[in-house]
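> A predicted structure for the sequence below; I have some questions about it.
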Amino acid sequence: MKKKVNYFAKKLRSPSALNIMYIPALIFFIVFIFYPFVKGIRISFLEWNGYSQNSQWVGLEKYKNLFTDPDFYTTVKNTFIYGVGSTLLQNVIGLVFALLLDQKLKGNVVVRTVVYLPVMISSIIMGYIWYFFFKYDGGAVNDLISFISADYEPIDWLASGDRSVWIITFVNTLQYLGIAMMIYIAGLQGISKEYYEAASIDGAKGFSVFKNITLPLLMPSITVNIIVNIIGGLKLFDVIMAMTSGGPGYASSSISTMMYQVYFVRMDAGYAAAMGNFMFMMITVISMILLLYLRKKEVEL
Amino acid sequence: MARKGEGRIFTIFKYAFVYISAIITIIPVIYIILCGFKTTYQINKVLTLPTGLYLDNFRKVLENSTAMFSFINSIIITAGTLAICIAFCSIAAYPMGRRNDKIFKYLYIFFLSAMMIPAVANLAALYTLMKNIGLKNTRLGLILIYTALQTPMGILLYTSFIKTIPKGLDEAAVVDGCGYFKRFYLIIFPLLKPVTFTYAVISSIFVWNDFLMPLLLITAPDKKPVTLAVYGFVNEHQSDFGAIYAMLIIAMIPPVLLFLFNQKYFYKGITMGAIKG
């Protein structure tokens, strides 16, 4: 034993000590990310309420439930809308913003700050702020419309699942628009002016310059933005909790919020873990396919 | 795109689009801030402006002990996470940025690949783990989880930055007589200041704004961080909108101030993290 201690003491004083200092970071990482990940796979095979000592091995039953549960079907559909919808909107609007702000525009810096500011605010707070806009009773949107037109019947905007899903997508888009915009601005600034000069000598203008020069050269930024946004959108949680808590029923749930409900309210730990693994697989597969596809586009230049 | 003579209409359209969309993104925040200074009667009339400096709503928040404690908790949690993250990630990334051994390359990929694992996907297992090791309902538990969650980002930022520091500086450090750790923290670490700052601002926003982990792990009123306190406050004060608005306003002040005074670092962090990732 003593020998071992000496060995470590010596090792710590030697120059190679710095090279093993990744170990503390690695331990944190393994305990709080990797271990729960592996443990989650095991839990998904159990019938367990999440608290008691007793659990029962049920094999793949929880996964079978996933495919027959109509609520889960709705949830997956919503999660897709949150992911794909916000990604499309954030990228298109973010790119338009970046293109306009990249030019000399009065109030450039102020606009940039204003658009980026919501990124800083917790999404639970942003969710509540927008909730008070769309709320039925005394919500700003209803009051505003009834102020404009006298015979307007107030709508309970968040009562219908389908409408809520799109409202939440819109809220998420507006909040994180700034990130897409900043990445595109950085990408645009990285494109050498020579390309544009060459293009204008060749007589190209307007849209054709954008299509043939800006867009291809912006491909790396597009890749990053799409991947970041799709991962963020597919795991959406806070905004939904603030605006509808996933309701009515599971009509506006994402997989994340449904998982939370299933674990803490329905106390079905196995089912929640199975959903978690499904979600992980879904995010990994979608982002990998997108990444490979987009990277290929980058190479084709 | 230098396009000249495309007419006034396009320019007007351009300005209109930029300004109107920028206003749409920020109007809810401004609306809430205005409402925070309104009386309940005025809040029900959407289009009125606050008539004076009405501070009762804010008083209600300041009198709520959970709300006030939550700020202290958030500060403790954020500061604790930052301290551990910076100390461990900088030194862990050092060999990854310097050495070409295969092991460091694999480690780097291992750390970064975890950026793909959404924390929420493991909530069942994470909750069980924290309960079993007695860290449920503690600030320390949150600090440790956030440290783990912010590790990939730290490794990424530090590794790419260390690669840009000339190696000559390390050798100058070797000549000096002190121990290796002292050497790292006294000589190398100060050189990493720009990236440390970027990492610190980005991580602190993440930690300050996170809602999921406290929702899972914290139930004790005196341990709640700000986001969870907001959630509790809104549910408690169902109909007292003035107080809710005041709480939302107070809760968003710290990150907004941090951003307004350090914009440069945020933009740098976003683009740096994004391009390498």
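Looks like it came in fine. Treat the numbers as computed from the prediction; the structure is a model and nothing was measured.
> looking at it, residue B:225 is touching residue B:218, isn't it?
Yes - at 7.3 Å, residue B:225 counts as touching residue B:218 under the criterion of Cβ atoms under 8 Å. For every residue, glycine as well, the C-beta is placed using N, CA and C.
> Between the two, which has more neighbouring residues?
Taking other Cβ atoms under 10 Å in any protein chain shown, residue B:225 and residue B:218 do not tie; residue B:225 has more neighbours (27 against 22).
> Just give the closest residue to that one, not the sequence neighbours.
Distances taken as Cβ to Cβ, 6 or more residues apart in numbering or on different chains put residue B:74 closest to residue B:225, at 4.3 Å, once the chain neighbours are dropped.
> May I see the buried residues of the helix or strand hosting the one you found?
Applying DSSP states H and E as the criterion places residue B:74 in helix B:65-98. For helix B:65-98, the neighbour count (16 or more other Cβ atoms under 10 Å in any protein chain shown) marks B:66-67, B:69-71, B:73-74, B:76-78, B:80-82, B:84-98 as buried.
> which ones are touching residue B:21?
By Cβ atoms under 8 Å, 6 or more residues apart in numbering or on different chains, the residues touching residue B:21 are A:93, A:97, A:115.
> Now do the closest residue to residue B:71 other than its chain neighbours: how many residues are near it, please.
Once flanking residues are discounted, residue B:71 sits nearest to residue B:226: 6.2 Å by Cβ to Cβ, 6+ apart. By other Cβ under 10 Å, the residues close to residue B:226 number 31.
> which residues does residue B:226 contact?
Shown in contact with residue B:226 (Cβ under 8 Å, 6+ apart): A:122, B:70, B:71, B:73, B:74, B:208, B:251.
> And the host helix or strand of residue B:126, what does it pack against?
Per DSSP H and E, residue B:126 falls inside helix B:123-132. Contacts defined by 3 or more Cβ pairs under 8 Å, 6 or more residues apart in numbering or on different chains; DSSP states H and E place helix B:123-132 against helix A:35-43, helix A:255-264, helix A:269-299, helix B:139-162, helix B:212-217.
> and the last one with chain A, contact?
Yes - judged by Cβ under 8 Å from any Cβ of the partner chain, helix B:212-217 comes into contact with chain A through B:212, B:215.
> so which two of the contacts of residue B:226 are the farthest from each other?
Farthest apart among those by Cβ to Cβ are A:122 and B:73. That separation is 14.3 Å.
> Contact partners for the closest residue in space to residue B:73 that isn't next to it in sequence?
Leaving aside its chain neighbours, residue B:73 sits nearest to residue B:225 (4.9 Å; criterion: Cβ to Cβ, 6+ apart). Applying Cβ under 8 Å, 6+ apart, we find residue B:225 in contact with B:70, B:73, B:74, B:77, B:142, B:208, B:214, B:218.
> The residues you listed: which two are farthest apart?
Farthest pair in these, by Cβ to Cβ: B:208 and B:218, 14.7 Å.
> Run through chain B and note the low-pLDDT ranges.
B:1-6, B:44-48, B:169-180, B:273-277 (pLDDT under 70).
> How about the stretch 201-301 of chain A?
Low-confidence regions of the stretch 201-301 of chain A, defined by pLDDT under 70, span residues A:299-301.
> Name the spans of the stretch 1-150 of chain A whose pLDDT lies under the cut-off.
Along the stretch 1-150 of chain A, the model assigns pLDDT under 70 to residues A:1-19.
> Was I right to think residue B:215 contacts residue B:228?
Yes - under the criterion of Cβ under 8 Å, residue B:215 is in contact with residue B:228, at a separation of 6.1 Å.
> more crowded one of the two?
Taking neighbours as other Cβ under 10 Å, residue B:215 and residue B:228 compare with residue B:228 leading, 26 against 20.
> List the contacts of that one.
Listed by Cβ under 8 Å, 6+ apart, the contact set of residue B:228 reads B:70, B:211, B:214, B:215, B:218.
> Look up how far residue A:290 lies from the first one.
What that stands for is residue B:70. Separation of residue B:70 from residue A:290 (Cβ to Cβ, to the nearest Å): 38 Å.
> Ok, the second one next?
Counting by Cβ to Cβ, the gap from residue B:211 to residue A:290 is 27 Å.
> number of nearby residues for the closest residue to residue A:251 other than its chain neighbours?
Spatially, and ignoring its direct neighbours in sequence, residue A:251 is nearest to residue A:161 (2.4 Å; Cβ to Cβ, 6+ apart). Neighbour count for residue A:161, taken as other Cβ under 10 Å: 18.
> related to what we said a few turns ago, quick one: buried ones out of the contacts of residue B:21?
The neighbour count (16+ other Cβ under 10 Å) marks A:93, A:97, A:115 as buried among these.
> The residue most central in space within chain A: which element?
With distances taken as Cα atoms, centre = their mean, residue A:232 lies nearest the centre of chain A, 0.8 Å away. Per DSSP H and E, residue A:232 falls inside helix A:219-234.
> List the residues that contact the closest residue to residue B:129 other than its chain neighbours.
Once flanking residues are discounted, residue B:129 sits nearest to residue A:36: 5.7 Å by Cβ to Cβ, 6+ apart. By Cβ under 8 Å, 6+ apart, the contact set of residue A:36 is B:122, B:125, B:126, B:129.
> same check, this time on residue A:146
Neighbouring residues of residue A:146 by Cβ under 8 Å, 6+ apart: A:152, A:154.
> What parts of the stretch 151-277 of chain B come near chain A?
Residues of the stretch 151-277 of chain B lying close to chain A by Cβ under 8 Å from any Cβ are B:151, B:154-155, B:174, B:179-181, B:184, B:205, B:208-212, B:215, B:226-227, B:230-231, B:234, B:241, B:244-245, B:248, B:251-252, B:255-256, B:258-260, B:263, B:266-267, B:270-271, B:274-275, B:277.
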